[in-house]
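**Student:** Here is a sequence together with a model predicted from it:
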Amino acid sequence: MHRFANPARFLRLSALLLPWTAGATVILLIAGLYLSLFGSPPDYQQGDTVRIMYIHVPAAWMSLFVYTNMAIAAAAGLVWKHPLADLFAKAAAPIGAGFTLICLVTGSLWGAPMWGTWWVWDARLTSVLILFFLYLGYMALVNAFDDPQRGARAGDVLLLVGIVNVPIIKFSVDWWNTLHQPASVVRMGGPTIDSSMLIPLLVMAVGFTTYFITVVILRLRAELAQRKIQTLRFSVAGDGATG
């Protein structure tokens, strides 16, 4: 991966990749929303309320996916000193927090008519709320130090400690008695959801993934540009002081 760690090489590769991921995001989300709203049937028990699933479930998947990738980047930054690893984690954090917030809000909207309550302190919901706080805590921690390197190291440690929450979220419905339904897509015996609902769900999930890739590339490019500007300013200030 170090061959992709050079900022100049990353900028060249990302410039080639960005139009494809942005175009795929637009196409997939439009197709996914159409299939979710008009191409899939209402549930025999939940009616049209089930359509919240097409936003809620992909957002939940992405909240775990983004945090896991941030933790991998944290390990790469701490162990191998990968130059772009900490920048990736910093760029991905607000996106992951956004997905987690969408998951929590849509879960409440879905739970109110189904469970008769907006919130319950069961294992799945509580662990996802903890994940949201981990995102917020990471963003606050990396910006709490005057030295960006110290902030990045502290953030990396938090990410690696917090990764233990990811399997708790995944298996909480199996380990504890919870109102949340068990997995119906990613399971050992295969999906239990009908293809008329599974296809729109997967299209939305892929669309959310390409959206994440697109935005994190944009944020990484912006972060690299900002650092280049800061370097130039320090250089100019140093030359001025010398002169």
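**Tutor:** Received, thanks.

**Student:** low-scoring stretches of this protein, by residue?
**Tutor:** Regions of the chain meeting the criterion pLDDT under 70 cover residues 1-5, 174-192, 231, 233-243.

**Student:** And the helices in it, which stretches?
**Tutor:** Here the chain has its helices, by DSSP state H, at 7-34, 53-79, 85-115, 123-142, 148-162, 165-175, 195-242.

**Student:** what would the ones you listed look like in TSV with mean neighbour count and distance to Q45?
**Tutor:** C-beta here means a position set from N, CA and C on the backbone, and glycine is covered the same way. Formatted as TSV, the helices of the chain follow (neighbours: other C-beta atoms under 10 Å; distance: least, C-beta to C-beta, whole Å):
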stretch	mean neighbour count	distance to Q45
helix 7-34	15	23
helix 53-79	21	13
helix 85-115	20	9
helix 123-142	19	20
helix 148-162	18	36
helix 165-175	16	19
helix 195-242	15	13
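
**Student:** quick one: which of those is nearest S40?
**Tutor:** Closest to S40 of the helices of the chain, according to C-beta to C-beta: helix 195-242, at 5.0 Å.

**Student:** L16 and F10, how far apart?
**Tutor:** As for L16, its distance to F10 is 11 Å (criterion: C-beta to C-beta, to the nearest Å).

**Student:** A59 too?
**Tutor:** Distance from A59 to F10, by C-beta to C-beta: 27 Å.

**Student:** Same check on N69?
**Tutor:** In terms of C-beta to C-beta, N69 sits 16 Å off from F10.

**Student:** what does S40 give?
**Tutor:** 39 Å.

**Student:** wait, what's in contact with I169?
**Tutor:** I169 makes contacts with 64, 124, 127-128, 131, as judged by C-beta atoms under 8 Å, 6 or more residues apart in numbering.

**Student:** Return the alpha-carbon coordinates of stretch 59-74 using PDB.
**Tutor:** The C-alpha atoms that make up stretch 59-74 are tabulated as PDB, following Å, rounded to 0.1, in the frame of the first residue of the first chain:
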ATOM      1  CA  ALA A  59     -26.800   3.400   6.700                       C
ATOM      2  CA  ALA A  60     -26.300   0.900   9.500                       C
ATOM      3  CA  TRP A  61     -24.000  -1.200   7.300                       C
ATOM      4  CA  MET A  62     -22.000   1.900   6.300                       C
ATOM      5  CA  SER A  63     -21.600   3.100   9.900                       C
ATOM      6  CA  LEU A  64     -19.800  -0.200  10.700                       C
ATOM      7  CA  PHE A  65     -18.000  -0.300   7.400                       C
ATOM      8  CA  VAL A  66     -16.600   3.200   7.700                       C
ATOM      9  CA  TYR A  67     -15.500   2.800  11.400                       C
ATOM     10  CA  THR A  68     -13.800  -0.600  10.600                       C
ATOM     11  CA  ASN A  69     -11.900   1.100   7.700                       C
ATOM     12  CA  MET A  70     -10.900   4.000  10.000                       C
ATOM     13  CA  ALA A  71      -9.600   1.500  12.600                       C
ATOM     14  CA  ILE A  72      -7.500  -0.300   9.900                       C
ATOM     15  CA  ALA A  73      -6.100   3.100   8.800                       C
ATOM     16  CA  ALA A  74      -5.300   3.800  12.500                       C
END
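
**Student:** ok, residues contacting that stretch?
**Tutor:** By C-beta under 8 Å, 6+ apart, stretch 59-74 touches 82, 85-86, 88-89, 92-93, 95-96, 99-100, 102-103, 106-107, 128, 131-132, 134-135, 138, 155-157, 159-160, 162-163, 166, 169-170, 205, 208-209, 212.
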